[in-house]
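Chemist: Make a model of this:
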Amino acid sequence: MRARFTPCVLNGSAKAPPSKSMAHRLLIGAALAKGTSLLSGVEYSEDVLATLDCLCALGAKITRDADRVTVDPASFLQIETAVLPCRESGSTLRFLIPRALASGKKITFLGSERLFARPLDVYDDLCRENGFLFEKGQNSLTVCGKLKAKHYCVRGDISSQFISGLLFALVFLKKDALIEILPPFESRGYVDLTLEALSAFGANVTFEKEYAISVKAAELDGKPLRVEGDYSNAAFLDAFNLTGSSVAVEGLKENSAQGDRVYREYFALLDTSCPTLDVRDCPDLTPVLIALAALKNGATFTGTKRLRAKESDRGAAMQEELEKLGVSLQVSDDSITVPKKTLRYREQPLYSHSDHRIVMALSLILCQTGGVIEGAEAVKKSYPSFFEEIKTLGAKVELICS
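Modeler: Here you go, the predicted structure:
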């Protein structure tokens, strides 16, 4: 799909989309619980649909009604083997691998080649150390083992999804366990979200020390819960306010555990200066931060190494697309510098790199300069209503099916 923009100003109010990160966690928590859960405020992005499909493949009974999802876990994991379609969702894959290993069943995960090119070393090492099956191909992974509740040591400078995945498995085992995190501990906010989601169902999971998570045996109960608004995607709406638009973003939980709530602080700095910002804990914000830096005063971003292992190599992707607009980023191993320079559309289409956050970041820019994005359908991965939302606010964008 091609998105063609004409320069425009946005005005009005918009509700923050539901948090994809919390939706994953609540859906998996509901499948681990005893009794039915009703989750409301769910948006059916490609990633959330992947988690729903995988939970169904594992035996959970799931029904959908508008933005409400009912999860009946009575038959969850009452299977001998299963094939789980993860699509391109890294969260789904990493959250469910330890859960599969806790079952002792042979389970195969399917997905895109890009998904299985992303790091899974932590789980590979875990399986090798315990003699579990870990058979990885270009588009699949098959595991089989019997994970035990015990003391685990996990590096804190890898994706927090590995820690969250282990938490889901240990809670299911209903025995005392401990996860020790070796510093530096990056993206802790996402682990805090997992603890919050599991605690909502009655799990006894807490940080007993700064780098140690205690898991106590507990029975989880089904609950009616609502998915909170998403700071990650709300940032792409709020960013228009720094480019001459007036958009009121509503529905965000002020005391949220979401680490991406830092975007407000970072936006203020980008609006008034040429700051140096550490993004190691908020890789999902980096594309919009780079876009704003290019539109405002420039900036340097540190802690960018993990951007290479996302849906695209986000640093390289933004470098390639902004070069088409006359801005040359300096990309090194763990930093990106954006110079202050005027952006101009030069009749060369920009490309999404099949990354939802690249599409939204480039949309912010093209609402200023005009232009075209190829592969704009990538937004469906996390924010399927993005173009509808900004058009309601006054964005002049024409969507053309390829």
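
Chemist: Give me the distance between A66 and A239.
Modeler: Distance of A66 to A239, computed by Cβ to Cβ, to the nearest Å: 29 Å. C-beta here means a position set from N, CA and C on the backbone, and glycine is covered the same way.

Chemist: out of the two, which sits in the more crowded spot?
Modeler: Set side by side, A66 and A239 give different neighbour counts by other Cβ atoms under 10 Å, the larger being at A239 (27 against 7).

Chemist: Can I take it that the more buried one is in a helix?
Modeler: Yes: A239 sits within a helix when classified using DSSP: H, G, I helix; E, B strand; the rest coil.

Chemist: So it sits against F267, correct?
Modeler: Yes: between A239 and F267 there is a contact under Cβ atoms under 8 Å: 6.9 Å.

Chemist: anything in contact with each of those two?
Modeler: Shared contacts of A239 and F267, defined by Cβ atoms under 8 Å, 6 or more residues apart in numbering, are found at L292.

Chemist: shaky segments in the stretch 251-400 of the chain?
Modeler: Counting by pLDDT under 70, the stretch 251-400 of the chain has no low-confidence residues at all.

Chemist: residue ranges for the helices of it, please.
Modeler: 263-272, 286-295, 314-323, 356-369, 386-392 (DSSP state H, counting those that start in this stretch).

Chemist: Mind putting the ones you listed into a markdown table with mean neighbour count and distance to S402?
Modeler: Below are the helices of the stretch 251-400 of the chain laid out as a markdown table (neighbours: other Cβ atoms under 10 Å; distance: least, Cβ to Cβ, whole Å):
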| stretch | mean neighbour count | distance to S402 |
| --- | --- | --- |
| helix 263-272 | 17 | 32 |
| helix 286-295 | 27 | 22 |
| helix 314-323 | 22 | 18 |
| helix 356-369 | 26 | 14 |
| helix 386-392 | 18 | 15 |
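
Chemist: Which one of those helices lies nearest to S13?
Modeler: helix 386-392 (9.8 Å; Cβ to Cβ).

Chemist: what helices or strands is that closest one leaning on?
Modeler: Using 3 or more Cβ pairs under 8 Å, 6 or more residues apart in numbering; DSSP states H and E, the elements in contact with helix 386-392 are strand 11-15, helix 231-238, helix 356-369, strand 396-400.

Chemist: Let's have those in JSON lines, adding distance to F387.
Modeler: Shown next, in JSON lines, are these (distance: least, Cβ to Cβ, whole Å):
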{"stretch": "strand 11-15", "distance to F387": "13"}
{"stretch": "helix 231-238", "distance to F387": "11"}
{"stretch": "helix 356-369", "distance to F387": "8"}
{"stretch": "strand 396-400", "distance to F387": "6"}
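
Chemist: between those, which gets nearest to P73?
Modeler: Using Cβ to Cβ, the nearest of the helices and strands packed on helix 386-392 to P73 is helix 231-238, at 27.7 Å.

Chemist: CA atoms of that closest one as CSV?
Modeler: Coordinates of each C-alpha in helix 231-238 appear next as CSV, following Å, rounded to 0.1, in the frame of the first residue of the first chain:
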residue,chain,number,x,y,z
TYR,A,231,2.5,5.5,25.3
SER,A,232,4.6,4.0,22.5
ASN,A,233,2.1,4.7,19.7
ALA,A,234,0.6,7.8,21.4
ALA,A,235,4.0,9.4,21.0
PHE,A,236,3.5,9.4,17.2
LEU,A,237,0.3,11.4,17.7
ASP,A,238,1.7,13.7,20.3
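
Chemist: distance between the next helix or strand after that helix and the chain's centre?
Modeler: Downstream of helix 231-238, the next assigned helix or strand under DSSP states H and E is strand 246-250. Remark: strand 246-250 is offset 22 Å from the chain centroid, using Cα atoms, centre = their mean, to the nearest Å.

Chemist: which residues touch strand 246-250?
Modeler: Against strand 246-250 from outside (Cβ under 8 Å, 6+ apart): 9-16, 234, 237-238, 240-241, 393.
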